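Asker: Following is a predicted model, sequence given first.
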Amino acid sequence: MLADRSSNITLKNLKNNSSLDKFWIEVHSEYEVLSEKALGVLLPFPSTYLCESGFSAVTATKTKYQNRLNVTPTLRLLLTNLTSDIDNICSHIQAQSSH
């Protein structure tokens with residue numbers, strides 16, 4: 001079974017073009033037992049990592065001066081995979097003149 005998987009070009013391409021968890025979900029129907037074992041090992045790590053990242057982000061933003069701060073928007077920014085192009089955003093801001 002493992003020899004078949006290691007010589008299968010389609011599976012190699014799928015593995016190289018996706019994350020490990022997505023790969024094992026995709027091949028679950030073909031390699032059910034192996035897939036379940038792999039997912040059982042892989043899935044706890046992202047959830048633990050995200051939990052620890054969230055805790056660290058809250059700890060970093062909560063100070064004695066910001067203790068009443070609503071952390072939801074801040075956490076959303078700190079934990080997202082998206083990146084922003086600050087220079088591009090700033091270049092499109094139009095200055096407001098005072099009246």
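Answerer: Thanks, I have it.
Asker: Not counting its neighbours along the chain, what's nearest L20?
Answerer: L42 (5.7 Å; C-beta to C-beta, 6 or more residues apart in numbering). Where you see a C-beta, it was placed from the backbone N, CA and C, and this is true even at glycine.
Asker: Isn't that neighbour up against W24?
Answerer: Yes. Counting by C-beta atoms under 8 Å, L42 touches W24, with 7.0 Å between them.
Asker: quick one, which of those two is more surrounded?
Answerer: Between L42 and W24, counted using other C-beta atoms under 10 Å, W24 has the larger neighbour count: 22 against 15.
Asker: The more buried one: what's it in contact with?
Answerer: 35, 38-39, 42 (C-beta atoms under 8 Å, 6 or more residues apart in numbering).
Asker: Any chance of TSV for those residues, columns pLDDT and secondary structure?
Answerer: Listed next are those as TSV, based on pLDDT from 0 to 100; DSSP: H, G, I helix; E, B strand; the rest coil:
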residue	pLDDT	secondary structure
S35	84	helix
A38	83	helix
L39	80	helix
L42	75	helix
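Asker: Filter the residues you listed down to the buried ones and express that as a PyMOL selection.
Answerer: Buried members of these can be picked out in PyMOL with the line below, counting by 16 or more other C-beta atoms under 10 Å:
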select buried, resi 35+38+39
